[in-house]
Every structure is written in C-alpha cells, then in structure tokens.
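> Coordinates for the following, if possible.
(2 chains)
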Amino acid sequence: MEITRRGFLSMTGAIGSGIALSGLGINLSPVKAYADELSKMNRVKAAKQVTTVCCYCSVGCGLVCSVDKLTSKIFNIEGDADHPINEGSLCAKGAGFFDLTEANKHRLKKVLYRAPMSDKWEEKEWPWALERIARLVKDTREAGFVKTNAKGEVVNRCENIGHLGSSNVDNEECWLMSIKARALGMIYIDHQARV
Amino acid sequence: MTNHYIDLKNSDCILIMGSNAAEHHPIAFKWILRAKEKGAKIIHVDPRYTRTSARCDYHVPLRSGTDIAFLGGMINYIVNNDKWFKDYVLNYTNASFIVGPDFTFQDGLFSGYDAQKRKYNKDTWVLEKDSKGIPKRDMSLNDPRCVFQMMKTHYSRYTLDKVSSITGVSKENLLKVYEEYSATGVKDKAGTECYALGWTHHTTGSQIIRTMSMIQLLLGNMGICGGGVNALRGEPNVQGSTDHAILYNILPGYLKMPPASLDTLDKYLEKNTPVSKDPQSANYYQNYPKFFVSFLKSMFHDKATAENGFGYSWMPKLDDGVHYSLMHLFDKMYEGKIKGLFAVGTDPAVSSPNTNKVRKALEKLDWMVGENIFNNETYSFWKGPGVDPKQVKTEVFLLPASASMEKEGSQSNSGRWVQWKYKAAEAPGDGIPVGEITIKIMAAVRALYAKEGGVHPDPILNLKWDYTDIKGRYDALKVSKQINGYFLKDTVIEDKAAGTKTEFKKGQLVPTFGMLQVDGATASGNWVMAGSFTATGENRMAKRGKDDPTGLGLYPNWSYAWPVNRRIIYNRASCDIYGKPYNPKRKLLEWVGDKWVGDVPDGPWPPQADKEKGKYPFIMKADGLGALFGPGMVEGPFPEHYEPLEGPLAKNPLSGQLINPAIEIFKSDLDKVANADAKFPYVCTTYSCTEHWCSGALTRWQAWLLEMQPELYVEIGDLLARDLGIRNGAKVRVSSIRGAVECVAMVTKRFKPFQIEGKTVHQVGLPFNYGWLFPKDGSDSTNFLTPTVGDANTFCPEYKAFMVNVQKI
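From the prediction side, this is the model:
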C-alpha cells in the first residue's frame, strides 16, 4: 500500500485519529506503524543534525542527534556513518543512547536535598543550594585546614574534604574540577581512572 | 594506547589478555576482526571463555592473578629461542646498559627492601655511567651485568613446568601462544596486545603491563603500525580525566604534585627535570619547567609572578611517600576524618572495593555533594539496606547535571583522539553541565572568602575563574583555550634548526607545547593539549577530515590526537637507525632527505645514525631508550610473579615472597583477608557485560538495557556446580571474609577448573553492574566481596582475584 506522510496526516486529521478510522472496520496497525516509520524518517531529514560522542567506553564512537527544529528536543540518536572508527555502527549501549535524554523518566530534573536525620529528599532551588554548599565547604575547610605536617613542613592543605569523579564528563569540566580542588587545597582527589 | 583503535587492523598477531573486547569494546573488536580477515592470528588468554574467545583463533584459560608468570615465561622463551629482534633491542632499548654492582635479587626480593615499611630503598637499582656521565654499554650483550643478561637470568626461573603449575595453563598451550606471538619479532611483522581492567585490577597490575612492554621491546613491536601496548579503557573520557589529573598524585599534563620536602619552586623543578649527558638523548622532559610554570600561570594568571615562584606556595603539598587514593580516602572517612565529599558522576557505594566499609564510611560524613544525571546508591546511602535514616547526620545535595549530548566540549578516547562534541539540546528541568556546577560552587566559595576572609585564602582568591559567557553560562570553548594555552605577552619564537623567527602577539593561542615559556610569558592549563588549537584559533578537535594519506587509518585530520597530533607514539622506532622503515609495507614514517615523512614524528631530529644531530627514539625517557630495566617501579626493575593478596596458595611457587612486597596493607577492623583458607576455597573474579556500564549507575535506569541484563548472577563451572549440587538458575549466596551477595547461579562450561601446584582449583566470576536502588530485585554490589588493596604503584584495586565460597540458599 502506497501512502505518503502528507496524505496520511490529512486523512487522520480529517477524521480525528487512527482509532476513529479503525472503528470503520479497517485494521490500521500495520499502516500506522509504517506511517510512524515514514514520519520519523522525514522528521530526521528535516531535523537539525548535531554530532556527539558516545559516553560509555573509551572507543569514542560518533553519534548523530536529530533535533526537532520546532521543539528543540532530541527525538532520535544513531551512529555517525561518517565517523572513521565506528562507521555508523554502535554496540547495545550506544544504540540505546536515546534513553539517556530527557525521554528517560528517571532523569534528575531538580536540585534534591536530604536534611540530617531525614528520610526523604526535598526539592530545592539552585541559589539556596549553592549558598549552603559554599558555606559547608568554607566552614569544613576552615575547621580542618592543615598548615604544617608532622615533620613541620609547610603543606597548606584541606584534608577533610574529598573529591571523586569523573571520567564521564568532558575535558573542560575535568580541568575545572582538577584546579578547583587544588585551589581549595584538597588532596584526597580521585576518580574512575584508578578504579 | 600507544597506538589507536583503527590501527588494530594493521596487526599480524593480537594477544587479547586482560580484556573481553568483544563484549566490552565491541566496536574496537570490529577492528580486531578486520585484522583477522586479513590473516592475523587472534589469541585470547583469560580465566573465562567469553564471546571474545569465541571469535579468536584460540582461547587459553589461566588462573586470575598469574599474568606475570605467564608473560615472564614468554620472555624466557623469546630469549632462549633467539626470537628477539636484535637490531631493535641493541639500538632502541637499554639491553646493553650495565647494572650497578650492588643490585641483587634473591628469593623474590630485590636489594634495598625494608620489610617494616614494605618499601624499597632504590639506591642500588642504578645503571652505571662513564666519566662523562653517559650510560656504559656492552653492545655484545655478553657482560653478565648487562641488562640483557640480568633479565635473562631473572626469567630463566620461569620454566614451562613452573609457569604451567602457577597459571594452570597446559605446557602445550603456553608453547602455542609463545611461538605464535614471538613470531612477530621480525622486521615485517607486527604484534599487539589489548588489555583492559583484567590487567589493571591486580596488586601486580602495573608490572603485568610492564612485562608486556618488555616483550614488545624485545620483539621490536613498540612504535610501529599494528604494534604497541594498548589499553582499551573503560570510560568515555578516562583518557582526558587522567590527562587533566583528577588524581591526587599528578597535576594536568602528568606534572607531579609537589611534595612537602620540596618547599620552593626551584627545588621542585630541579628534582623533576631529568638530566642527560648523552648528546643523542633528546630527554624531552628537560622542558618540564616550561610546562609547570605555564600551568601555574594558567591557574593564577597575573597573580603568579617570578617573584612569588609563580604561586608555587599556594599549591597544597603531599607528605613524601604517603598516598591519598580512593581507598585511602574511604579509609580516612571510615576513621571519621573526612567530613565533606564531592561525588561527581560516580557511584563508589557500588564500585569501590569492600562495600561494607565504604557504606559505613559514608555514614560518617557531615555532607556530600552529588552531581549526576540519575540518582544512585552513593547519593541515597542514608536509606540503603540496613541503614536507619534517623541515625544518619549527613546533609546530601543531589544536583541535576546535563547528559553528554546536552553540552558542548571535548572527550578523549583511548587512542588519544580528542573529539569535539556539540550541544544537541538543553538538559531537562534545572539540569546544567557539571562544568557550570563547578564554576558556580567555586564562585560562591570565593565570594565567601572575599567577604569574610579565612585561612590560606590566596589560592582561592587568586585563582583565575572567569569561564562563563556573557549570560553567565559555562563556556566550554573558553576553558579549552585556557587548557591549550596562549601568549601572555608579545613573544618571538626562534627556530634555530629551521633558521626562522615567528612573532606571536599577546593573547594569541600557543600552537604547540614546544613554544611554552619558563619565564611566565605563556599560560597553558595542560601542556599535552597545547596545539589542540592553531595560533589563529582553529579548533583542531572539531576537525572531520577523512583523508588517510598513509592508507594506515591514521586519519590525521579527524579530531586532534595529543601529543602534537601524533597518531602512534614512539613512531621513530618503526624505522632503523638510518630512518628506513623496518616494514616498507606498513610505512608509518620515513626519513627522506632532511625530514620525516608520514605520521607526526616523535621529534624533528634526524635518525640516530647521525651521531651529531640524531636522537634516540624514546624521547620521553632520560636515556632515550626503551627500558628493559625499569627502576621507576616500586617493587623492582624486573617484574616478578607474586600471588594476589587473597589466593589459593599458602606459598608462592617461585620464591619465599608470597604477595607483592610493596603493596600497602589497610588495617581497619573491616579489612579482613582469608588467604588459602578452606572456608573460602574458590578463586573469584569480576567483570562487566555488554549491556551495562561500570556500576550500572547509568544503564540500570534504561529499560532496554535492563531488560537484557536484569539482575546479578554468578558464573560457576559445571563441574563445581555438580559438586555443590547447584542447578542453573538457582539462588545462591557468594561470600568472602568481608561480605556476601545473593544472586542467580549461571552454571556454565565457560569456567574450567585449573590444576595448580598439583591441586584442582575452581574459579567463579560475577559482573559488577548492580546496586540495591534500582532495579529493586537486581541484588546488590559485587564489591561486598572484594578487598581494600591495590596495585603497589597505582593503587588500582584488586577486583580481579580474591577468594570466595558459594552456597545454595
């Protein structure tokens, strides 16, 4: 059965929905599936294509995100056929990349806070959290700052705050965390590269 | 990786050992299969038969933790059967160097051991020098004290019988691998090795890799197409996060963290700048001061001056000989000495060894800041199994982060390709990039110090911290230019060899680290990345050129490979001393007229036959040559087999030294060990699966992936399962002396028992991808079983070899 996307849309639009059509006694599920595929292909063609790199192992496979120009949302992610390493192919995790986007209902969307002795998370706003975190960082650092070690050598370090992670963020972010930790005098600094 | 992923296709023999590439690096494995299609031999050495084994020419099972014995036997075979590549070994390694007279090795210990401190004094681990300070050499290799002879003697103990009895590999299988692999020790053959966590997760991990590096030097496989020692690393930017040093012991660009004993910049630079008297050694690290001063300038900018040692005194100092790794962090936290923790994109409540200790430690924190795209067991530890939230004082912040495709920036793959990615969409809700969270938290701390003052405020207030755009949002491009580096004043760079002078204006980007300055005229956040932009501002990381002029898959115009876009490091060693490629069919580099043609060479100098201007190929080594004798390692210049901290044997079959003499032993009440203990009779190892990633903290939240691998299981060989009366699919309890997990039994033929020292030893294995938070019935962390102990050099935990019991429930 030949059916164009435009034709299908006008047909379903006129009647209201595919469900209504099926009420006429026609099994529309194969048609609808085909139309959905057609629709997606056309949407991919019309979308903004943005290249990215996989976030799992270190092979560095390329991916292409299709972004709807109207909604600015990603609706499809697939292997980058131009990429010399993966040549468009992906493993099971890479192929499931789309499930990392906001389409995944488990994504964190709000700042969460758990108060001492509490048994639940509370939603908070960024300014409150940043102010509270900065206060805790400063007070902790002030309380535990070590100027000299047991041998009397000057060490100027903050021994009571640790920093873990991450090899799952970008280079620029790694560098910022690395120097932030040093500027605060932190020494317990580590991440997945060691584990 | 010394090489890169596509280069695997150029190999004639690929030894996959310490990796299950087909399941954990499927796209890398595609390139391994391309080599196989062209006739390469593919060998898998691994305790377990996996999908990698299924696609290889053959699989050789060995007992977890015995890789050095296996590889030491290969060195013995190569030397005794004359399989080594003589031209390469003589010219490009320190085989001919003479070892100092007081260096000894007896019964598993090298000279200088202090049993109380579990440390070596390395004063005797030296190579002799002549009156000019140049290393003495015996090019005949006959001197009994030359490195080659000392190495030969050391590995003569690794006989086929001995190695077979330690590893459980049959002598036939040992010979098969040794013969096949050492056949690459000729000019026109390339052998490579692919490893992953299967090598690093041992108390002897670094020395396993070093043993393989020695084999590659002996066979002339280092620096060539299809060769090298290649770490298939497990995280998307683990190369970059290492380069940028989110690690206690180094600073960005592998610069050393200052120790307390070096209290001034001058002392620090003198200690860390190697000296070579040999005119043929490029000794590239003589430039160390330029890299370090440029790094301090990138941190503190105008506030770092020659007068104040460029802010050296503002850097924290480590105690000499003391370590501050993840395991040390949790040890101190368990003692109650760590009060606050940043946990960014990480789930140590699942992924760190000895989960009971880690989770108890977390309860002692005053506060924790988590940054991630999903919740995980670390951030929710206060309501974990057996924890009463009402008893836990910790304040926890869980900050929503952007996912990878929701932010612009670069990622570095294992082949050192730094690839630029673009932002495809905004993060949902209030999510922002980790970079922006970092900037905002630090800005808030700085504001408090500016307002209130405080202890040692200089490094905080003097830090250059202006990495946002005009809207106050994180600006990745701005940071990456800071990392690359730029001129802080108008500077003329003179190239004496080329007879040219180039002027750079203040603010212009530094096009290569060779131009970094020691006097504060340049800033560079990470010298190895200098050159990721051109001087005119082109972002080389974003390049997508598909040209491949050598036909070897180097793709020089796709992204940017550090250093200086070199695709295969040590590449001058692919040519003979006259600069002619050893293998003309895979011509990586060639000296033509007065220059190198091909890949970006490891330095512009002529090949070493030119005694006046020529240089040795291993330019980052002070002596310029590959180190068969490697005194940099903490447990000895020649790798030696030691048993894992927890193993089935009460005695090391090779010496009186059971375990690695230089590992640190953690001593808390939760750090128990059960070696050769009848209560825990089975060797255990841990691994991942294709559908999950690391702790599973990202992948368990994804319905498609979770459906394919929904819960924890233990793989048990069918013979052991029959003995224990365990059916496939039954619920079992796996326990070590430290903890236990309950999971499903997967009875399989993939694990076979080993014959070790005349006894049958069974091995089992579990994936490490599960935690209690989600899914609810997926079981919990495999690391309840693992010990707090790590490699003596790197403190990479020993997740791959320990002892357990398995019982029906």
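> Can you tell me the closest non-neighbouring residue to residue B:701?
Leaving aside its chain neighbours, residue B:701 sits nearest to residue A:106 (4.3 Å; criterion: C-beta to C-beta, 6 or more residues apart in numbering or on different chains). Where you see a C-beta, it was placed from the backbone N, CA and C, and this is true even at glycine.
> and the one you found, what does it touch?
Contacts of residue A:106 were listed using C-beta atoms under 8 Å, 6 or more residues apart in numbering or on different chains, and they are B:374-375, B:701, B:774.
> mind redoing it with 10 Å?
A:99, B:373-375, B:700-703, B:774 (C-beta atoms under 10 Å, 6 or more residues apart in numbering or on different chains).
> can you check residue B:331 too?
B:325, B:337-338, B:354, B:357-358, B:361, B:664, B:666-668, B:670-671, B:788.
> rewinding a little: how much space between the residue nearest to residue B:701 and residue B:702?
Look at residue A:106 and residue B:702: by C-beta to C-beta, to the nearest Å, they are 8 Å apart.
> Now for those two: what residues contact both?
Common neighbours of residue A:106 and residue B:702 (C-beta under 10 Å, 6+ apart) are A:99, B:374.
> how about residue B:501, secondary structure?
Classification of residue B:501 using DSSP: H, G, I helix; E, B strand; the rest coil returns strand.
> Okay, and the beta partners of it?
Applying DSSP bridges to residue B:501 yields these beta-bridge partners: residue B:494.
> My guess is residue B:198 contacts residue B:209. True?
No. Judged on C-beta atoms under 10 Å, residue B:198 makes no contact with residue B:209 at a distance of 11.0 Å.
> out of the contacts of residue B:331, which touch chain A?
With C-beta under 10 Å from any C-beta of the partner chain as the criterion, those include B:325, B:337-338 near chain A.
> Quick one: buried ones out of those?
B:325, B:338 (16 or more other C-beta atoms under 10 Å in any protein chain shown).
> circling back to that earlier point, so which of the contacts of residue A:106 wins on neighbours?
Neighbours here mean other C-beta atoms under 10 Å in any protein chain shown. Within the contacts of residue A:106, the largest count is held by residue B:373, at 29 neighbours.
> Secondary structure element holding the residue nearest to residue B:701?
Assigned by DSSP states H and E, residue A:106 belongs to neither a helix nor a strand.
> Could you pull out the helices in chain A for me?
Shown for chain A, the helices assigned by DSSP state H span residues A:5-15, A:18-22, A:29-46, A:92-95, A:126-144, A:171-183.
> Spell out which residues of the stretch 151-300 of chain B are next to chain A.
Within the stretch 151-300 of chain B, the residues that sit near chain A (C-beta under 10 Å from any C-beta) are B:196-197, B:200-201, B:231-252, B:257-263, B:295, B:298-300.
> So what are the structural domains in chain A, by residue number?
A:1-46, A:47-107, A:111-190 (automatic domain parsing).
> actually chain B, not the one I wrote
Listed by automatic domain parsing, the domain ranges of chain B are B:5-231, B:250-322+B:417-561, B:682-808.
> Just put the ones you listed in CSV and tack on mean pLDDT.
Listed next are the domains of chain B as CSV, based on pLDDT from 0 to 100:
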stretch, mean pLDDT
domain B:5-231, 98
domain B:250-322+B:417-561, 97
domain B:682-808, 98
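> Residue B:405: which of those is closest?
Residue B:405 lies closest, by C-beta to C-beta, to one member of those: domain B:250-322+B:417-561, at 4.7 Å.
> Off-centre distance for the closest one?
Relative to its chain's centre, domain B:250-322+B:417-561 lies at 21 Å (C-alpha atoms, centre = their mean, to the nearest Å).
> Span of that domain from start to end?
Start and end residues of domain B:250-322+B:417-561 are separated by 21 Å (C-alpha to C-alpha, to the nearest Å).
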